[in-house]
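1. Take this sequence and fold it.
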Amino acid sequence: MTDYDKYYNSIQNPVWSTDIEELFSKPRWVPAGSERENTAGMWVDCMKGDVNLSSYTTSTNKEGEEIDGVKEQAVEIYRHLRSRMMPIGENPMYFPESALEMFRRWVNNGSPEKVGYKITKRNIIPAPKPAPPLLHRKDILSLSPSELYELRCKLEDNFKLFEVFDENGDKTPWQVIGDLHRFWCLHHQEGFLPWHRCYMKAFEKILGMPLPYWNWTAQDVSQYGVPQCFLDETYVRDGETRPNPLRWARALDGKSHALVMYKDAKQKWKYPTPPAPYNKSEPTSWIQTPPEFYLDSKSDAFKAKMLELDTYASQVLWAMHFDTWSKREGTGMPWDEGDPRFPDRDIDFDGAFEIPHDNMHSWLGPDTTSNKTPGCVPIFWFFHANIDRMFEIWLRNNVTNPIVEKENGFIQCTVDYGLKPFVGKLGDEIDYSNPNLWMYTTIGDVMGDSRAMGYTFDEPEHPDIMKDGIDVKDFTNKALMVSFKNVLCTIDSFTVWIFANIANPTPDDTLATGNVNDGAQKPIKRSTVGMGEKDKGGRCIKNPVVRKFDATKWAIANQIFPDASSDDDGVKAFTYLVHNDTKQHWLSKKELEEYPGLIPHFAWESTGKAIPSHLTADTLMKMPKDQKLHHPAILNKQCPMHKKDKKKEKKKAASKSKREEPQQSSCSASKRTKR
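-> Numbering: from 1, shown residues only. This is a model prediction of the structure:
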């Protein structure tokens, strides 16, 4: 507890002259000196047209007009202070709880002016209602042994994930939640992150406890790799050794996607036998995870696999630089092309974010490489819970933070687009057949602080990525952008391998995988997640989108720089191969013509993506604790024009015959009848 909290809490019978007046003239929670003096002066000056914060009761200003004092407006002042509509200004320095409670005691004591004045106890301002309890999503590495045990038990009990059908022949909850992703998920446009936010909420509700996240975006995440809790074969429950439900689960419909991927492949997939009591079951009916996860941590294959995590974390960091949101849902086209308020753009936050999202789906495969099957893979949920955390950090830094300096001051989103089949404002109810479109959860419902939806995130065990290798500015003022144009839905999943200084790459050249910043001759890749089957719900976009990522550091590591003297600016050094991951087949140039969205385009652009002006490098991935309110006083970083100032201005304007009604500040105390 701070010294000022102790002080304010100790004053049980405050009076104006020694206690309350000081809240506005010498706020103890503001650093002493000029900052405290200037802050208090700004508060008084900003409100002088509506209430005199330096006066106990009604006073007369220079124009001879009566202005309410704090006593007359005490209830409204309290309401505005508690709801953080006051104070106003660039740095409002909101009143702490202890100061608000002292002010409430003063009002309920009759607002006495001095010590010795009569105290009349009344419950004029009731005690504030406590905020509803929040679910706290923890880093899975932060779970205690008992919490991890509870998580495993709830997965097994509430989802029946070791079975495809229950005793009645119906699909288990695990299969049902998997089918939800198969038939309803949204990708490639604005609904991508909001829809999956609701999907996590629905899962969490069935789980019956806060959904932990796996922080695969930690700084140097390759050093930590996949948490051991996902790798353990078994756990002990009530004295019985059981399959670990974070590792084992029945695949969608009891058929691993590896059956499709490796059906005709030369190198067949090796299906491990699940632990007892399921060791007699068909191994192909269980989800499959990459064998590299279980190799010796000193092996080259293990290290190469883990180093890819650093690449994908750096791609997330790059996406977080964008303060523009998305393409309008259902169109795939830039926002209102031709409208100067919505400049045509080919990259934005969720478009940039979908690159590492798809790469991670491929990395976790084979049962996560298709949009049809990932909902039945345990690690998918914790990987995606971290995506929702990244989404929340971006939202709090860009949507719920009014200091964001945007043209026109708002985020562009399709607020009324329904995220079917989720209904209600919290997005955790499911209705597959509701004809009332207005009942569905919308993008607008979830484009805000997660605490309004009943949950928040605890700090990660390891800090999030803040830097990703070399400083590009030391080498070049241009950025190597790899773009994919005409991106549409595909049935199959693909990986595009990109090489540097290899004129005619072969599949063998893909074996030298590594970190995006890790030396020469190591290719980078972009994976795509296919539908897994023909679209049956009209979810595929009709118009193509662009996907793009920054490969500057990888190019520099390979000693490739923009070359203005060449006719191609030096991009001929880059080549590529495309692999059909679903059919385990390398595409020929002829076959690639059917998939223009898989062809990479290279360009050294004049500027990279700068950090938005309201953030710094060390706050880009930080979750703001307190949400500030949107109102003009903060957005404009100045006090609103006061009523009396407007009146004087109108008097000077001889051309105006009638004075316009002034617009009252949304953060000033309303006029009340004097008591």
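2. State which strand of the protein is the longest.
-> Longest strand of the chain, by residue count under DSSP state E: strand 479-487.
3. who touches it?
-> 188, 346, 472, 496, 498, 526, 544-552, 554-555, 560, 562, 571, 596-605, 607-609 (C-beta atoms under 8 Å, 6 or more residues apart in numbering). Every residue, glycine included, has its C-beta placed from N, CA and C.
4. again, 6 Å this time
-> For strand 479-487, contacts defined as C-beta atoms under 6 Å, 6 or more residues apart in numbering pick out 544-552, 555, 596-597, 600-605, 608.
5. what do you get for stretch 254-269?
-> Residues contacting stretch 254-269 (C-beta under 6 Å, 6+ apart): Val164, Thr284, Ser285, Gln288, Pro366, Asp367, Ser370, Thr373, Thr582, Gln584.
6. Out of those residues, give me the one that has the most neighbours.
-> Within these, neighbour counts (other C-beta atoms under 10 Å) peak at Asp367, which reaches 28 neighbours.
7. Verify the stated contact: that residue with Thr373.
-> Yes. Judged on C-beta atoms under 6 Å, Asp367 makes contact with Thr373 at a distance of 5.0 Å.
8. Any figure for the gap between Asp431 and Tyr440?
-> Distance, Asp431 to Tyr440, by C-beta to C-beta, to the nearest Å: 8 Å.
9. Repeat that for Val236.
-> 43 Å.
10. Could you check which of these two is surrounded by more residues?
-> In terms of neighbours (other C-beta under 10 Å), Tyr440 is the more surrounded of Val236 and Tyr440; the figures are 21 against 9.
11. Next, the more buried one: phi, psi?
-> Per-residue torsions, Tyr440: phi -80, psi 150 (degrees, to the nearest 10).
12. right, and it touches Pro421 too?
-> No. Between Tyr440 and Pro421 there is no contact under C-beta under 6 Å: 7.6 Å.
13. Quickly list what's touching both of Asp431 and Tyr440.
-> Common neighbours of Asp431 and Tyr440 (C-beta under 6 Å, 6+ apart) are Val423.
14. low pLDDT regions in the protein?
-> Residue ranges of the chain with pLDDT under 70: 89-91, 327-347, 400-412, 468-475, 512-521, 537, 564-568, 570, 607-617, 625-675.
15. For Thr18, see how far away the residue lying farthest from the centre of it is.
-> The outermost residue of the chain relative to its centre, with distances by C-alpha atoms, centre = their mean, is Gly116 at 54.3 Å. Distance, Gly116 to Thr18, by C-beta to C-beta: 12 Å.
16. hey, what's in contact with both of the two?
-> Counting by C-beta under 6 Å, 6+ apart, nothing touches both Gly116 and Thr18.
17. CA atoms only for stretch 215-222 - export them in PDB, please.
-> In PDB, the C-alpha atoms belonging to stretch 215-222 read as follows (Å, rounded to 0.1, in the frame of the first residue of the first chain):
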ATOM      1  CA  ASN A 215       3.700 -18.700 -25.000                       C
ATOM      2  CA  TRP A 216       5.300 -19.700 -28.300                       C
ATOM      3  CA  THR A 217       6.100 -15.900 -28.800                       C
ATOM      4  CA  ALA A 218       8.600 -15.700 -26.000                       C
ATOM      5  CA  GLN A 219      12.000 -14.100 -26.500                       C
ATOM      6  CA  ASP A 220      14.300 -16.900 -27.700                       C
ATOM      7  CA  VAL A 221      11.500 -19.400 -27.500                       C
ATOM      8  CA  SER A 222      13.600 -22.000 -29.200                       C
END
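18. Return the set of buried residues in it.
-> Asn215, Trp216, Thr217, Ala218, Gln219, Val221, Ser222 (16 or more other C-beta atoms under 10 Å).
19. Next: stretch 151-166.
-> Leu151, Arg152, Cys153, Leu155, Glu156, Asn158, Phe159, Lys160, Leu161, Phe162, Glu163, Val164.
20. Name the nearest residue to the residue nearest the centre of the chain, sequence neighbours excluded.
-> Among the residues of the chain, the one closest to the centroid is Phe391, at 1.0 Å (C-alpha atoms, centre = their mean). Sequence neighbours aside, Leu193 is the residue nearest to Phe391 in space, at 4.9 Å (criterion: C-beta to C-beta, 6 or more residues apart in numbering).
21. Could you count how many residues lie near that neighbour?
-> 26.
22. Quick check: the residue farthest from the centre of the chain vs Val482, distance?
-> With C-beta to C-beta as the criterion, Gly116 and Val482 are 76 Å apart.
23. what about the helices in the stretch 101-250 of the chain?
-> Under the criterion DSSP state H, counting those that start in this stretch, the stretch 101-250 of the chain carries helices at the ranges 145-159, 173-184, 192-207.
24. Direction-wise, compare the first one with helix 173-184 and give the angle.
-> Translated: helix 145-159. Going by axes from the mean of the first three to the mean of the last three C-alpha atoms, to 10 degrees, helix 145-159 is angled at 70 degrees with respect to helix 173-184.
25. List of residues touching helix 145-159?
-> Here helix 145-159 has contacts from Pro173, Trp174, Ile206, Leu207, Gly208, Met209, Tyr235, Pro245, using C-beta under 6 Å, 6+ apart.
26. Repeat that for the last one.
-> Applying C-beta under 6 Å, 6+ apart, the contact partners of helix 192-207 are 154, 158, 186, 211, 350, 381, 384-385, 388, 391, 419, 422, 427-428, 430, 441, 443, 446.
27. Pull out the buried members of the residues you listed.
-> Buried by 16+ other C-beta under 10 Å: 158, 186, 211, 350, 381, 384-385, 388, 391, 419, 422, 427-428, 430, 441, 443, 446, out of those.
28. Isn't Gly444 up against Val415?
-> Yes. Judged on C-beta under 6 Å, Gly444 makes contact with Val415 at a distance of 2.9 Å.
29. Name the residue in the two with the higher neighbour count.
-> The residue with more neighbours, out of Gly444 and Val415, is Gly444; 13 against 10, by other C-beta under 10 Å.
30. Distance check, the more buried one against Lys420.
-> Distance from Gly444 to Lys420, by C-beta to C-beta: 15 Å.
31. would you say His579 is within a strand?
-> Yes. The assignment for His579 (DSSP: H, G, I helix; E, B strand; the rest coil) places it in a strand.
32. How many neighbouring residues does it have?
-> So His579, with other C-beta under 10 Å, has 20 neighbours.
33. so what's it closest to, chain neighbours aside?
-> Thr495 (4.8 Å).
34. Roughly how far does the one you found sit from Pro523?
-> 10 Å.
35. between the two, who's got more neighbours?
-> Pro523 (23 against 19).
36. looking at it, that one is touching Ala500, isn't it?
-> No. Judged on C-beta under 6 Å, Pro523 makes no contact with Ala500 at a distance of 7.6 Å.
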